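> generate a structure from the sequence data that follows.
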Amino acid sequence: MKKSIMILLIMVILLQAFLIQESFAKSKFNKELFEKLAESKNKVPHVDIPNYERVKLDNGLTIYLVEDHTLPIIEVVGYIKGGRRQETENVAGISDLMFTMMNTSTQNFEEEEFSKYKELHGIDFSFSVKNDYTKFSGDALSIDKKDMISLMADLFQNPKFNADYFSRIKQQTLQSLLQAKTQESSLLNMYFYKTIYHNHPYSFQYDLDLRRKALANITPASLKEFYNQNITPNNTILGIVGDIDISKMKQLIKAEFKNWPQDKINLKKSKLKVDGKNYNKVIIINKPDATQAKIKMGYSFFSDEFQSRIPFTIANRVYGGGDFGSRLMKNLRVKKGYVYGVHSNDSYDQLDGDYYITTEVKPNKTYETMEAIKEEMLAIKSGKAKITDEELFKIINRYNALYPKKYKSKLNILSKVIYNVEIKNRKASYMNKFIKKYNGLTVEEAQKSFAKYTYPEKFLTVIVGNKEKLIPEFKKKGIKIKVIEIN
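Just a heads-up that it's a prediction; the model follows:
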């Protein structure tokens, strides 16, 4: 019976995904449809935050609980504070390896038993490491809720780092790093972030060479030490949504996690140093078999405390949001036909952020593309081609159409509530504050923010491509470049 219910649920989810994919496939890169949608005025959305109960156990574990009896399932989402910034150079990448080990077996379950237990009870569970936190998620049928909570409690409290498969997972990690070194996107990110962030932990996930070197230093003992320093109940937030009784779920969680001892955690705050030597630097990563030139231009930016984040983000969408209405797309795709897509992105973490533009062009159009990116930025910055009311309306209108779709499920909403409250120190209602803020934005505020906080003179440009096809163009223009050969 349980298996039949699971199959039925999977079929429903797959059907929904298929319909969404079909709809997306028909409309992808359809300029006429984009313009039609952009001109239709959308209602200002409001995110209905579900009733939840927040509980803090004696050991510091924070729990958010939401009842939802729509389907006979239980869904889990949670956060562990710290993330990659807790790593050091000599064990760069240890977070990913640690969580892989934790999610493969425990002191009470050998690898095969662990896998069979999850399969028997239809349990799915995973970790995802970010710069400032690790997110975990999972789901199962509600009739298996006790089994799921029990398994989670076991893997959090009783990791087994000296298992026989440790060497195999290290080898798999090494193979993955070696494979990534052949990919243009991986190379682009590696040299971009190791250049702007140097030896800061924010660069570690991209630095394939460093991670390969550090892998040799990671042992069961170092995994245990890193676990003890970072994984505690008082550093963990657990959210549960689904077919549950809140009072009974509280009792279940308390029973399963009560023996997990709390401990003091030192959340590292390593400072990032801005290196002015990177300004206007051009680096070419030689990949002889590359037919195109992959470009990433950018610089380190503000942390998540940046007060003008909302107006800047909206203004940046006008500049390079990646859609047909953005300035960069109009110039580089519609007008010149150089690129298929071009995007500008602003990203913010707790210690720093980054701003960058990415695209891909034919090698002989690389320099022209770089100059066009700067020219479009300067046109807005200088006031020569200010952001217009129409452009601002289209971006805000599109946000109003798409933003609610991110929060259709109670799980997604609860996840964002936990993220805002526990990770970002914001109010639970921040989502609606964000909506109100961008809808009240004026074109003058957007223009002022973009003009003040863009720095075309600071661009670091990293290019992955065939140096033989790239160097002549830069030599002709008298541009000094640094060429890196892949080893």
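> my guess is Asn280 meets Pro456, correct?
No. If you go by CB atoms under 8 Å, Asn280 and Pro456 don't touch, sitting 9.4 Å apart. (C-beta placed from N, C-alpha, C; glycine too.)
> assign the nearest residue to Lys433 once chain neighbours are set aside to helix, strand or coil.
Once flanking residues are discounted, Lys433 sits nearest to Lys427: 7.2 Å by CB to CB, 6 or more residues apart in numbering. The three-state label given to Lys427 by DSSP: H, G, I helix; E, B strand; the rest coil is coil.
> so who does Lys427 touch?
With contacts defined as CB atoms under 8 Å, 6 or more residues apart in numbering, the neighbours of Lys427 are 420-421, 433.
> where along this structure do the strands fall?
Secondary structure of the chain, counting by DSSP state E: strands at 53-56, 62-67, 73-81, 124-129, 133-141, 236-242, 282-286, 293-301, 342-348, 353-361, 460-465, 482-485.
> to Gln175, which of those strands lies closest?
The closest of the strands of the chain to Gln175 is strand 124-129. By CB to CB, the value is 19.0 Å.
> report the backbone C-alpha coordinates of that closest one in CSV.
What follows is the C-alpha trace of strand 124-129 in CSV, where atoms were taken according to Å, rounded to 0.1, in the frame of the first residue of the first chain:
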residue,chain,number,x,y,z
ASP,A,124,15.5,11.1,0.7
PHE,A,125,18.0,13.3,2.4
SER,A,126,20.9,15.6,1.2
PHE,A,127,23.3,18.3,2.2
SER,A,128,24.4,21.4,0.3
VAL,A,129,27.3,23.5,1.5
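> quick one: strands adjacent to it?
Within its sheet, strand 124-129 is paired with strand 133-141 (antiparallel), according to DSSP bridges.
> can you list contacts of the strand it pairs with?
Residues outside strand 133-141 that contact it (CB under 8 Å, 6+ apart): 2, 5-6, 72-83, 95, 99, 121-128, 147-148, 152, 423.
> how does it look with 7 Å?
In this structure, residues lying in contact with strand 133-141 by CB atoms under 7 Å, 6 or more residues apart in numbering are 2, 5-6, 72-83, 95, 99, 121-128, 148, 423.
> ok, of those residues, which come out buried?
Neighbour counting with 16 or more other CB atoms under 10 Å marks 5-6, 73-83, 95, 99, 121-123, 125, 127, 148, 423 as buried within the contacts of strand 133-141.
> the residue nearest to Asp58 when sequence neighbours are not counted: how many residues sit nearby?
Of all residues beyond its chain neighbours, the one nearest Asp58 is Lys258 (7.6 Å), with distances taken as CB to CB, 6+ apart. For Lys258, the number of neighbouring residues by other CB atoms under 10 Å comes to 14.
> kindly report the same for the one 5 residues further on.
Here the count is done by other CB under 10 Å, and Asp263 has 15 residues near it.
> gap between stretch 158-174 and the chain center?
Averaging C-alpha positions (CA atoms, centre = their mean, to the nearest Å) puts stretch 158-174 26 Å from its chain's average.
> report the buried residues of that stretch.
When burial is assessed from 16+ other CB under 10 Å, stretch 158-174 yields the following buried residues: 159-161, 163, 165-166, 170, 173.
> in a markdown table: the residues you listed, plus distance to Asn266 and pLDDT.
Rendered in a markdown table, the data for those read as follows (distance: CB to CB, whole Å; pLDDT from 0 to 100):
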| residue | distance to Asn266 | pLDDT |
| --- | --- | --- |
| Pro159 | 20 | 98 |
| Lys160 | 25 | 97 |
| Phe161 | 21 | 97 |
| Ala163 | 28 | 91 |
| Tyr165 | 30 | 94 |
| Phe166 | 26 | 97 |
| Lys170 | 27 | 97 |
| Thr173 | 26 | 98 |
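> need those in JSON lines (columns: distance to Leu141).
Below are the buried residues of stretch 158-174 laid out as JSON lines (distance: CB to CB, whole Å):
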{"residue": "Pro159", "distance to Leu141": "26"}
{"residue": "Lys160", "distance to Leu141": "27"}
{"residue": "Phe161", "distance to Leu141": "31"}
{"residue": "Ala163", "distance to Leu141": "29"}
{"residue": "Tyr165", "distance to Leu141": "28"}
{"residue": "Phe166", "distance to Leu141": "32"}
{"residue": "Lys170", "distance to Leu141": "35"}
{"residue": "Thr173", "distance to Leu141": "33"}
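> which of the residues you listed sits closest to Asn364?
Distances from Asn364 to the buried residues of stretch 158-174, taken as CB to CB, are shortest for Thr173 (38.6 Å).
> quick one: that closest one and Leu215 touch, right?
Yes. Because the distance of 6.2 Å satisfies CB atoms under 7 Å, Thr173 is recorded as touching Leu215.
> circling back: would you turn the strands of the chain into CSV with mean pLDDT?
Formatted as CSV, those follow (pLDDT from 0 to 100):
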stretch, mean pLDDT
strand 53-56, 98
strand 62-67, 99
strand 73-81, 99
strand 124-129, 98
strand 133-141, 98
strand 236-242, 99
strand 282-286, 99
strand 293-301, 98
strand 342-348, 98
strand 353-361, 98
strand 460-465, 99
strand 482-485, 98
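> closest to Lys330 out of these?
Using CB to CB as the measure, strand 342-348 is the one of the strands of the chain that comes nearest Lys330, at 10.1 Å.
> can you give me how far that closest one is from the chain middle?
The gap between where strand 342-348 is centred and where its chain is centred comes out at 12 Å by CA atoms, centre = their mean.
> what residues sit buried inside stretch 411-427?
The neighbour-count check on stretch 411-427 (16+ other CB under 10 Å) flags 411-424, 426 as buried.
> no no, stretch 50-70
Under the neighbour-count criterion of 16+ other CB under 10 Å, stretch 50-70 has 52, 55, 57, 59-68 buried.
> of the residues you listed, which is the nearest to Gln350?
If you rank these by distance to Gln350 using CB to CB, Thr62 comes first, at 18.4 Å.
> wait, the closest one touches Lys56, no?
Yes. Here Thr62 reaches Lys56: they are 5.2 Å apart, a contact under CB under 7 Å.
> rebuild the buried residues of stretch 50-70 as JSON lines, extending it with distance to Ile310.
Putting these into JSON lines (distance: CB to CB, whole Å) gives the following:
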{"residue": "Tyr52", "distance to Ile310": "26"}
{"residue": "Val55", "distance to Ile310": "32"}
{"residue": "Leu57", "distance to Ile310": "35"}
{"residue": "Asn59", "distance to Ile310": "37"}
{"residue": "Gly60", "distance to Ile310": "33"}
{"residue": "Leu61", "distance to Ile310": "33"}
{"residue": "Thr62", "distance to Ile310": "28"}
{"residue": "Ile63", "distance to Ile310": "31"}
{"residue": "Tyr64", "distance to Ile310": "26"}
{"residue": "Leu65", "distance to Ile310": "31"}
{"residue": "Val66", "distance to Ile310": "28"}
{"residue": "Glu67", "distance to Ile310": "33"}
{"residue": "Asp68", "distance to Ile310": "30"}
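> can you give me the pLDDT of Lys269?
Among the per-residue scores, Lys269 holds a pLDDT of 93.
> wait, isn't it in contact with Asp349?
No. Shown here, Lys269 and Asp349 do not form a contact pair, counting by CB under 7 Å, at 11.6 Å.
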